[in-house]
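Participant: The following block contains a protein sequence and its predicted model.
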Amino acid sequence: MTRRVVSVLIVLLLVVIGLLPLLVMFGQSLIVNGRFSTEFYQASLASARTWVLLGHSVALPLLTTLFAVVLGVPLGLLLGKTDLRYRTLLMALFTIPLLVPPYIMAVSWSYALGGREGLVARWLGVPMAQQTSAWLFGLPGCVLVLGSTFLPIVMFLTRTSLQSVNPRLEEAGRLVSGWFGVLTGISLPTALPGILLSAILVFLLSLGEFSVPTFLRYSVFSVESFTQFAAFHEVGAATASATLLVLIVLLILVVERRYIRRPLASLQPISDREETVPIALGALRAWLFMLVCLLCGVLVVVPLLVLVMQSASPAIYVDALARAGDSLLRSMAYAALGASLLTILGFFLGYFLARRRLPFWQALDFLTIALLTLPSTVIGVALVTLWNRPATIFIYATPLIVLFGYLAQYTALTSRITVAALNRIPASMEEAAAMVGAGWLRRVGYILAPLAKRGLVAGWLVSYLFCLRDTGITMMVYPPGGETLPVRTFTLMANSPPRLIAALCLIMVMATLIPLGLLHGFVRPLRAAR
């Protein structure tokens, strides 16, 4: 009985915070002056600008995905299967752009390549800076920033997929071929579903990103939807602009579920006893190490150093904290509370998905994945459309609306991590406890949760970082005086000195990296002891 009540509550919560706002938003876009009308959609389809935006909205994620895959797959291979030096450090460095709001890297590159006071202007002259600025503020710059931001997704999924390949198959292949033949004939084809999944994730996340195209002045549907709603308060026009994005997302998710999810499920992590010896690079080891370091320097280290150089003054940081210190504390509080709620919701949802105890678990899983990959501006508009009413002002005018946004978009993160953790726990342990009379909550609290604690900690940390870096949803729904640091920094960029913005960006980076460092220092001794 308790399990049924919890399952019903979980479903109702997801429907209310995730599905219902979208349905209300689309329903309201079809009502004009109290009657049914499709004029917003007709006007959108009849506009030449719509098709230009569609071309831009497809070209950007396609090129970003190509950028991330071309660089991420070799990195995943080198850092996951070879004896390359400092692999852990390099993976950590490459991950930094993914952990911070994407526009921070765009700001850094603009300080380096654009303007009369940028590095290119100082070193190579203003004419050259004008050329690099024209290149950056457009499609190439967006691809550079988003590609380096989402490259870690491809890198990690490639590494994980390659490490899940049965080492016995690789050993058998080594009897008749070298490592190159084994990789091209066995390892990479077997890991292909994981690589394709990473490409789909990069495409969908790039499709919904709005802060980078906004800053680099490249028009896409996510920017158009945000502008229609925030600047002109046109919910119908904003919804019409978002509809094509939603259709593209749903189509890609259907293809992923049908053609990729099943092959991916056959990949299982190997045990430590079966782990293969890393590929020896031999004479290429030093050259490949320098090449990877060069790539890391260009994509990660140089942008961060530019921010450091731009804000190299203690007075600037004092001013930045004076202006946005409350926003920083608010960001950390929202992220911590959002991560805690996401961990609880994700754990119970992950349990029902892993054990398949709901008759419509596949639809529920599809809903959470769709919400994760939908543009944040779409979810923000939907939340405002539903909750901006006198009867629900206690939600809309408080931080609850921000937490609703986090729960709507990021539940898939914690639920999928919980599923992975619970799949490692034999169902027989829960069945044995049930046979001796332990109730469902006792089985969950005393058996499953302790055994899945590493997954719960990982889920909390991942959701904390995503809530901390969130810009789109928070910017759309935050209550008066409740802006977070990413939103505060983004809104100050138009009229504030570059040095102040650089300092705020670095503060955001440090607020993200310090918790990771503390967690690493806490977990590493535990692993060594184990």
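Facilitator: The structure has been received and is ready for your questions. Numbers count the residues shown, from 1 in each chain.
Participant: What ranges does the stretch 51-200 of the chain have for its helices?
Facilitator: 87-99, 102-113, 119-124, 126-136, 139-163, 167-174, 179-182, 188-208 (DSSP state H, counting those that start in this stretch).
Participant: In CSV, list those helices along with mean pLDDT and distance to R285.
Facilitator: C-beta: built from backbone N, CA, C; applies to glycine. Converted to CSV, the helices of the stretch 51-200 of the chain look like this (pLDDT from 0 to 100; distance: least, CB to CB, whole Å):
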stretch, mean pLDDT, distance to R285
helix 87-99, 91, 12
helix 102-113, 89, 30
helix 119-124, 73, 32
helix 126-136, 82, 34
helix 139-163, 92, 18
helix 167-174, 78, 19
helix 179-182, 78, 13
helix 188-208, 88, 21
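Participant: following the lowest-mean-pLDDT helix or strand in the chain, which helix or strand comes up?
Facilitator: Confidence across the helices and strands of the chain bottoms out at helix 261-265, with a mean of 56, counting by mean pLDDT, DSSP states H and E. From helix 261-265 onward toward the C-terminus, using DSSP states H and E, the following helix or strand is helix 284-296.
Participant: for that following helix, packing partners?
Facilitator: Using 3 or more CB pairs under 8 Å, 6 or more residues apart in numbering; DSSP states H and E, the elements in contact with helix 284-296 are helix 48-81, helix 87-99.
Participant: now those in JSON lines, with mean neighbour count and distance to A370?
Facilitator: What follows is the helices and strands packed on helix 284-296, written out as JSON lines (neighbours: other CB atoms under 10 Å; distance: least, CB to CB, whole Å):
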{"stretch": "helix 48-81", "mean neighbour count": "19", "distance to A370": "16"}
{"stretch": "helix 87-99", "mean neighbour count": "18", "distance to A370": "21"}
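Participant: Which among those is found nearest to E171?
Facilitator: For the helices and strands packed on helix 284-296, distance to E171 was read as CB to CB. The smallest value, 13.7 Å, belongs to helix 48-81.
Participant: I'd like the mean pLDDT over the closest one, please.
Facilitator: The pLDDT scores in helix 48-81 average 91.
Participant: what's the angle between that helix and helix 188-208?
Facilitator: If you take axes from the mean of the first three to the mean of the last three CA atoms, to 10 degrees, helix 48-81 sits at 140 degrees to helix 188-208.
Participant: how far does helix 48-81 sit from the chain's center?
Facilitator: In terms of CA atoms, centre = their mean, to the nearest Å, the centre of helix 48-81 is found 15 Å from the chain centre.
Participant: quick one: contacts for G185?
Facilitator: For G185, the contacting residues are G173, S177, taking CB atoms under 8 Å, 6 or more residues apart in numbering as the criterion.
Participant: Could you pull up the residues touching Y86?
Facilitator: F289.
Participant: same check, this time on the one 10 residues further on
Facilitator: Contacts for I96 (CB under 8 Å, 6+ apart) come out as V300, L304, V509, L513.
Participant: Which residue in those residues has the weakest pLDDT?
Facilitator: L513 (82).
Participant: how far away is it from L367?
Facilitator: Summarising the geometry, the distance separating L513 from L367, computed by CB to CB, to the nearest Å, is 33 Å.
Participant: Let me see the contact set for V154.
Facilitator: If you count contacts by CB under 8 Å, 6+ apart, V154 has them with A68, V69, L71, G72, V73, L75, G76, I195, S198, A199, V202.
Participant: With distance to T158 added, can I get these in a markdown table?
Facilitator: Rendered in a markdown table, the data for the contacts of V154 read as follows (distance: CB to CB, whole Å):
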| residue | distance to T158 |
| --- | --- |
| A68 | 10 |
| V69 | 9 |
| L71 | 11 |
| G72 | 6 |
| V73 | 5 |
| L75 | 8 |
| G76 | 3 |
| I195 | 6 |
| S198 | 7 |
| A199 | 10 |
| V202 | 12 |
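Participant: hang on, the earlier thing: could you check which of L513 and L367 is surrounded by more residues?
Facilitator: Remark: of L513 and L367, L367 carries more neighbours, 19 against 16, as counted by other CB atoms under 10 Å.
Participant: No further queries at this time; thank you.
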